[in-house]
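Visitor: I'd like to go over a predicted model; first the sequence, then the structure.
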Amino acid sequence: MFITLEGIEGCGKSTQIRRIKTFLESKGMTVVQTLEPGGSALGATLRAILLNPKNSDITGLTELFLYLADRSQHISSVIKPALDRGEAVLCDRFADSTVVYQGYGRGLDPKLLHQLNSVAVNSIWPDITFLLDLEPEIGLKRALTRNFQENKHATEGRFEAENLAFHTRIREGYLTWAALNRDRFVVIDATGSREDTFAAIKKHIHFKLQANKI
């Protein structure tokens, strides 16, 4: 099983992915937890470039190809081997982030981005993608608080530094993209407590496990 989590900055993906991992392991599954960018050795280097606020002059196309390079390496070195071993993979962001951030956010063609993603992922798409949805104002406040507490403001603040209009486009883009991919996306209201959010996620995972008889 391949599960991805998507959403605007500060929506709670990292918290929920840890809870999902614990839940799946309680079902006897071996779980690989990973993220994008940065899920592979090469990706860690690319992540430092992509998320560093000092690199504010990166163009939309440059950003795109760095993400695609990260994804291609991630698939070949981490995700596909784990799935081939019969393990579950949980990924904090995946190809949908590129469509939304570089497409709806930066203005590149979402259809072209999806085509490029199809090459990068080598036919490996998530079984289920959870979109944690909330208002951009709430997400940004959470993200900036988190970065300050974890002392990440010097290395991982490039997207948080974008204006509110950008983050509003990202949220609207996610909802649009989810509506176009209803067979895979599940939209979760992330404005409530962490417990409420996880309860909604767990319900859908349980249904998926039952349907697949896993």
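Guide: Right, received. Where do you want to start? Numbers count the residues shown, from 1 in each chain.
Visitor: lowest-confidence helix or strand of the chain?
Guide: Across the helices and strands of the chain, the lowest-confidence element by mean pLDDT, DSSP states H and E is helix 136-149, at a mean of 73.
Visitor: Check which helices and strands the next helix or strand after that helix is in contact with.
Guide: Scanning forward in sequence from helix 136-149, with DSSP states H and E defining helices and strands, the next element found is helix 164-180. When contacts are defined as 3 or more C-beta pairs under 8 Å, 6 or more residues apart in numbering; DSSP states H and E, helix 164-180 packs onto strand 128-133, helix 136-149, strand 185-189. Bear in mind the C-beta positions are built from the backbone N, C-alpha and C, glycine included.
Visitor: for this structure, what spans make up the helices?
Guide: Chain-ordered helices for the chain, with DSSP state H as the definition, fall at 13-26, 41-50, 60-74, 80-84, 95-98, 110-121, 136-149, 164-180, 194-212.
Visitor: ranking the ones you listed by burial, who's on top?
Guide: The densest packing among the helices of the chain, expressed as mean neighbour count by mean count of other C-beta atoms under 10 Å, is seen in helix 95-98 with a mean of 25.
Visitor: now that one, how far from the chain's geometric center?
Guide: Between the mean C-alpha location of helix 95-98 and the chain-wide mean there is a distance of 7 Å, by C-alpha atoms, centre = their mean, to the nearest Å.
Visitor: any idea of the mean pLDDT in it?
Guide: Regarding helix 95-98, the rounded mean pLDDT is 96.
Visitor: what's the answer for stretch 177-193, then?
Guide: For stretch 177-193, the mean confidence score works out to 96.
Visitor: Point out where this structure drops to low pLDDT.
Guide: Filtered on pLDDT under 70, the chain yields the residue ranges 144-162, 213-214.
Visitor: Might one say that Glu6 is in contact with Asp133?
Guide: No: proximity of Glu6 to Asp133 does not meet the contact threshold set by C-beta atoms under 8 Å, at 9.5 Å.
Visitor: Who are the contact partners of the spatially most central residue of the chain?
Guide: Here the mean C-alpha position of the chain is nearest to the C-alpha of Arg93 (C-alpha atoms, centre = their mean), at a distance of 1.4 Å. Under the criterion of C-beta atoms under 8 Å, 6 or more residues apart in numbering, the contact list for Arg93 reads 4-6, 13, 35-37.
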